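In: Return atomic coordinates for the entry below.
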Amino acid sequence: MSKKQRLLIFLVPLVLFLVACIFLFKGLFSDPTKLESALIGQPVPAFTLQDIYQPEKQHDASIFKGKPMLLNVWATWCPTCYAEHTYLNKLAAEGIFIVGMNYKDDRKKAIRWLNELGDPYQISLFDKDGMLGLDLGVYGAPETYLIDSQGIIRYRHVGDVNDQVWNNTLLPLFKEMK
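Out: The predicted structure follows:
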């Protein structure tokens, strides 16, 4: 084996290792709540889902037209969803129109949750198999989308909605949509 071949055998893995280290190091300083969505500026994907309370009632993407609103993805298995639920009730009491999408969950548990903790949602979708979530690019719950009066997704927030997130990020964008 020539000296050049031995050098390449040593350098190629070293370069690959350094590239991987740089990539991973950069990830340490990224904000996990700022996951870019390819759907920003696009309409909510077409869907047909059952209402959480009335399985015979079907909803489609037309529910997202007419007024600016939030789409909140939640589940009973999600501890962060539990933490944000009180704040969503507060927003609903202030007149914010919120559509809830129960994600990969049990219908009975979800209804019990809403009955016990209050229901901030004007419409409650049941996405048992997660197909709308998949189309939206949901990584997990909770996630909240700002949707304008034309049904166009304007912003995606990953994580809980709380006073700081609402006042510093979502509310200014929501006001722009009005």
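In: my guess is A92 is in a strand, correct?
Out: No: A92 sits outside any strand when classified using DSSP: H, G, I helix; E, B strand; the rest coil, being helix.
In: any low-confidence regions in the protein?
Out: Along the chain, the model assigns pLDDT under 70 to residues 7-8, 10-37.
In: mind redoing it with 80?
Out: 1-38 (pLDDT under 80).
In: which residues touch the residue nearest the centre of it?
Out: Nearest to the mean C-alpha position of the chain, counting by Cα atoms, centre = their mean, stands E143 at 2.5 Å. Contacts of E143 were listed using Cβ atoms under 8 Å, 6 or more residues apart in numbering, and they are 72-73, 136, 156-159. Using the backbone N, CA and C atoms, a C-beta is placed for each residue, glycine as well.
In: Can you report how many residues neighbour Q5?
Out: By the criterion of other Cβ atoms under 10 Å, Q5 has 9 neighbours.
In: For it, give its distance to M69.
Out: 63 Å (Cβ to Cβ, to the nearest Å).
In: Same question for N102.
Out: N102 is 17 Å from M69, by Cβ to Cβ.
In: coming back round to it: widest-spaced pair of the contacts of E143?
Out: By the measure Cβ to Cβ, L136 and G159 form the most distant pair in the contacts of E143, at 15.3 Å.
In: When the two are compared, which one has more neighbours?
Out: Per other Cβ under 10 Å, whichever of L136 and G159 has more neighbours is L136, with 23 against 19.
In: The more buried one against F47, yeah?
Out: No: using Cβ atoms under 8 Å, L136 is not in contact with F47, being 9.3 Å away.
In: would TSV of the contacts of E143 with distance to F97 be doable?
Out: Formatted as TSV, the contacts of E143 follow (distance: Cβ to Cβ, whole Å):
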residue	distance to F97
N72	11
V73	16
L136	18
R156	17
H157	16
V158	21
G159	21
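In: In helices, which of the residues you listed appear?
Out: L136 (DSSP state H).
In: Next step: the contacts of E143 restricted to strands.
Out: Secondary structure from DSSP state E places 72-73, 156-158 of these in strands.
In: still on that earlier bit, neighbour count winner among N102 and M69?
Out: With neighbours defined as other Cβ under 10 Å, N102 and M69 compare such that N102 has more, 28 against 23.
In: Is that one part of a helix or strand, or is it coil?
Out: On the basis of three-state DSSP, N102 is classed as strand.
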